[in-house]
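sequence first, predicted coordinates after that:
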Amino acid sequence: MRHHEPLGKLQARTIEIPDPGELSGYLPRQDAVAWLRRGEGMIGFGEVARFQGGSFAEADAWWSRLCAELEHDSELLDLSGTGPLAFGSFPFAASHSRSEALLIVPRLILGRRRGRSWLTLIGGPGDQPELPPRQSAAAAPSGLRRDVGGLAEADWRGIVEAAVTRITDGELSKVVLARAEVHTAERPLDPRWLVGRLSEEYRDCWTFCVAGLIGASPEMLLRREGGLVTSRVLAGTIRRNGAEELDLKLARSLARSGKNLAEHELAVASVAEALAPFTSGMNVPDAPYVLELPNVLHLASDVTAVVRPGVSALRLAGELHPSAAVCGTPTADAAALIAELEQLDRGRYSGPVGWLDANGDGEFAIALRCGQIDPDRPETITVYAGCGIVAESDPAEEWAETVAKLLPMHQVLGVSSAAS
Ligand SMILES: C=C(O[C@@H]1C=C(C(=O)O)C=C[C@H]1O)C(=O)O
C-alpha cells in the first residue's frame with residue numbers, strides 16, 4: 001500500500017459559479033478524472049493526495065483521516081458533490097490482478113448538479129478557485145487495429161460451455177464470464193474524446209474516467225446521499241435491434257423470460273443481503289423494469305434503504321462488491337471458477353468506480369462498458385465485456401451479448417464491431 005498526502009496545512013474552499021456549460025469541454029488532456037451523467041457531474045484537475053493499493057476499509061480510513069485534517073469553507077453546503085472529493089476505482093479481484101485500488105483527490109473540482117455549478121479548490125490559506133479555460137477540441141482516435149491476443153470466439157464459447165457444465169452439475173447457480181480485446185491507435189488516445197462522446201451518446205449511463213479507465217456504466221452499485229442508499233441492479237440482457245417495434249417485442253420477451261428473471265433475482269438477492277447488516281427499511285421491488293440503452297435492454301431493479309450512521313458509500317461499495325451481477329452465485333464459488341476459467345486479468349473493469357465526499361456520501365458504479373488506456377502505451381486500450389452464465393445459457397448467444405456490450409467502446413474508438 002502506498003499513498004501520498006498533502007504537504008503542509010491545506011484547506012478546501014467551494015464557491016458557486018455561473019453555469020460554465022458542458023463540463024466535458026473543460027477536461028484536461030492529462031490526468032483527467034470525471035464523473036458525468038445527463039450533462040451534470042464533476043471533473044477534477046491535478047492531484048493533492050492519492051491512496052493506492054490497499055483494501056476498501058483501508059481506503060475508507062485513509063479518506064476519513066484526510067478529511068478530518070482538512071478545513072472546509074463552502075458557499076454550497078447542502079449540495080452533494082461539493083467540497084473535497086476522492087475519485088476511486090477498485091480492481092475486480094485485487095488478489096488476481098496487477099491493478100491496484102485507487103483514490104485520487106484532485107486539487108480543483110468543477111461541478112454542476114441540479115441547476116447549480118461550483119468550483120472546489122484544495123490549496124493554501126487564501127487561495128481562490130478559478131475556472132480553467134475550455135480546452136481545444138479533442139482528437140478522434142485514428143487507425144485503430146486489434147492486437148492479437150485475447151480469446152477467439154470459439155475459445156471463449158468453449159469456456160462458457162465448461163461453465164454451463166459446472167452449473168448443471170450443481171456446483172453453483174451463476175457465474176459471470178468476461179473477455180477483453182486490445183486495440184492500438186496510431187497516436188496516443190485522447191481521453192477527452194472518449195469521455196465526451198460516451199457522455200453524449202450514453203446520457204442515462206454514468207460516464208467515468210479515473211486513471212485511464214474510461215467508460216459509461218448503466219449499473220449503480222451504490223449511491224449514498226444523506227441517510228439514503230440506492231442500488232441499481234442489472235442482470236438479464238437482450239441486444240437491441242434498432243427498429244422500435246421489434247425493440248418493444250424484445251422488451252416484452254425480456255420481462256417474461258424465465259432464464260433472465262431467474263438470473264436477475266440472484267443479482268438482486270445478493271445486493272439486498274449485502275446491504276441488510278448496514279441498513280434498515282429496505283425496499284426491494286417485487287419485479288424488475290426494462291432499462292433501455294442505445295445498444296441493449298436490461299432487466300433492472302432499484303433497491304433503496306436507510307443507512308446506519310457512520311457507514312460511508314465506500315464502505316458499502318466494499319461490502320457489495322463483487323455482486324452477482326459481475327461475479328455470480330454463490331460468490332466464493334463463482335470467484336473461484338472465474339479465476340480458473342476466464343484467463344483474464346480484469347484489472348479495474350467490473351470493480352466499483354466513483355466518488356466520495358467528506359461526509360461519506362458518494363456514488364459508485366460498476367465499471368462496465370469501459371476500457372483501460374495503458375499508462376505505458378497511451379495509444380493502446382483494453383476493452384472488456386462479460387455476461388452472466390446460468391444453466392440455460394447458449395454460448396453463441398452469450399458471445400453476441402458481449403459484442404453488444406462492447407458496442408459503446410467500439411463506437412467511440414471508431415472500431416467496427418463486426419471485427420470482434
Ligand atoms: C458484466 C457485464 O454486465 C453485467 C451482466 C449483465 C447480464 O449478464 O445480463 C447485465 C449487466 C451487468 O450487470 C458487462 O457489461 O461487462
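Yep, that arrived. Residues are numbered from 1 along each chain as shown.

kindly report the residues of the stretch 51-200 of the chain close to the ligand.
176, 178 (CB under 6 Å from any ligand atom). To be clear about C-beta, it is placed using only N, CA and C from the backbone, and glycine gets the same treatment.

where do the strands sit along the stretch 51-200 of the chain?
71-74, 85-89, 102-105, 108-113, 116-123, 145-146, 174-184 (DSSP state E, counting those that start in this stretch).

and among those, the most buried is which?
strand 85-89 (a mean of 28; mean count of other CB atoms under 10 Å).

give me the contact list for that one.
With contact meaning CB atoms under 8 Å, 6 or more residues apart in numbering, strand 85-89 is reached by 33, 35, 42, 44, 51, 59, 63, 101-106, 109, 120, 208, 210-211, 213, 314, 348, 351-357, 362, 364, 367.

which among those residues end up buried?
Buried members of the contacts of strand 85-89, scored by 16 or more other CB atoms under 10 Å, are 33, 35, 42, 44, 51, 59, 63, 101-106, 109, 120, 208, 210-211, 213, 314, 348, 351-357, 362, 364, 367.

quick one: which of the residues you listed sit in helices?
In helices, judged by DSSP state H, the following of these are found: 59, 63, 314.

pLDDT for these - can I get that in CSV?
Putting those into CSV (pLDDT from 0 to 100) gives the following:
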residue, pLDDT
59, 97
63, 97
314, 98
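
quick check: most distant residue from the centroid of the chain.
Going by CA atoms, centre = their mean, the residue of the chain most distant from its centre is residue 126, 35.5 Å out.

isn't residue 261 right up against residue 288?
Yes. Here residue 261 reaches residue 288: they are 7.5 Å apart, a contact under CB atoms under 8 Å.

what residues do the two have in common as contacts?
Common neighbours of residue 261 and residue 288, using CB under 8 Å, 6+ apart, are 236, 299.

ok, the two, which is more surrounded?
residue 288 (23 against 16; other CB atoms under 10 Å).

which residues does the more buried one contact?
Going by CB under 8 Å, 6+ apart, residue 288 touches 236, 255, 261, 264, 268, 299-301.

for the ligand, give me its nearest residue in the stretch 1-150 of the chain.
Per CB to the nearest ligand atom, residue 92 is where the stretch 1-150 of the chain lies closest to the ligand, at 9.9 Å.

skip the chain neighbours and tell me the closest residue to residue 374.
If the residues on either side of it in the chain are set aside, residue 374 comes closest to residue 380, at 4.3 Å by CB to CB, 6 or more residues apart in numbering.

next up, the contacts around the one you found.
Neighbouring residues of residue 380 by CB under 8 Å, 6+ apart: 147, 182-185, 189, 373-374.

the stretch 301-420 of the chain: strands as residue ranges?
328-329, 352-357, 362-366, 370-374, 377-389.

okay if I get these as TSV plus distance to the ligand and mean pLDDT?
Formatted as TSV, those follow (distance: least, CB to the nearest ligand atom, whole Å; pLDDT from 0 to 100):
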stretch	distance to the ligand	mean pLDDT
strand 328-329	10	94
strand 352-357	13	98
strand 362-366	7	98
strand 370-374	8	97
strand 377-389	3	96
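
if we can go back for a sec, CSV please, covering the contacts of residue 288 and showing pLDDT, secondary structure and distance to residue 324.
Below are the contacts of residue 288 laid out as CSV (pLDDT from 0 to 100; DSSP: H, G, I helix; E, B strand; the rest coil; distance: CB to CB, whole Å):
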residue, pLDDT, secondary structure, distance to residue 324
236, 88, strand, 12
255, 86, helix, 19
261, 90, helix, 14
264, 91, helix, 9
268, 94, helix, 8
299, 93, strand, 13
300, 96, strand, 14
301, 97, strand, 12
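
how about the spatially most central residue of the chain, nearest residue that isn't a chain neighbour?
Taking CA atoms, centre = their mean, the centroid of the chain lies closest to residue 367, which sits 2.7 Å from it. Spatial nearest neighbour of residue 367, excluding adjacent residues (CB to CB, 6+ apart): residue 353 at 4.2 Å.

check residue 327 too.
residue 334 (4.9 Å).

beta partners of the closest residue to residue 146 other than its chain neighbours?
Distances taken as CB to CB, 6+ apart put residue 183 closest to residue 146, at 5.6 Å, once the chain neighbours are dropped. Residue 183 has these beta-bridge partners by DSSP bridges: residue 146, residue 381.

state the distance from residue 183 to residue 226.
To residue 226, residue 183 is 42 Å away according to CB to CB, to the nearest Å.

how deep is residue 21 tucked in, by neighbour count?
Neighbours of residue 21 (other CB under 10 Å): 12.

how about residue 159?
21.

residue contacts, the nearest residue to it once chain neighbours are set aside?
Distances taken as CB to CB, 6+ apart place residue 341 nearest to residue 159, at 5.0 Å, with adjacent residues excluded. Residues in contact with residue 341 (CB under 8 Å, 6+ apart) are 159, 162-163, 175, 177.

repeat the analysis, applying 7 Å as the threshold.
By CB atoms under 7 Å, 6 or more residues apart in numbering, residue 341 lies in contact with 159, 162-163, 177.

of those residues, just say which sits nearest to residue 71.
Nearest to residue 71 among the contacts of residue 341: residue 177, at 48.0 Å, using CB to CB.

ok, what's across the strand from the nearest residue in space to residue 74 that is not next to it in sequence?
In space, and not counting its chain neighbours, residue 74 is closest to residue 14: 3.9 Å by CB to CB, 6+ apart. According to DSSP bridges, the residues that bridge with residue 14 are residue 74, residue 120.

surely residue 14 touches residue 84?
No. Contact between residue 14 and residue 84 fails when scored by CB atoms under 7 Å: they sit 8.6 Å apart.

need the overlap of contacts for those two.
With CB under 7 Å, 6+ apart, residue 14 and residue 84 have common neighbours residue 120.

have a look at these two and say which one is more surrounded.
Comparing residue 14 with residue 84 by other CB under 10 Å, the one with more neighbours is residue 84, at 27 against 23.

now do the contacts for that one.
Applying CB under 7 Å, 6+ apart, the residues near residue 84 are 12, 67, 70, 72, 105, 120, 122, 358.

tell me how far the fourth one lies from residue 235.
As for residue 72, its distance to residue 235 is 39 Å (criterion: CB to CB).

up against the ligand, what does the stretch 201-350 of the chain have?
219, 234-237, 298, 325-326, 350.
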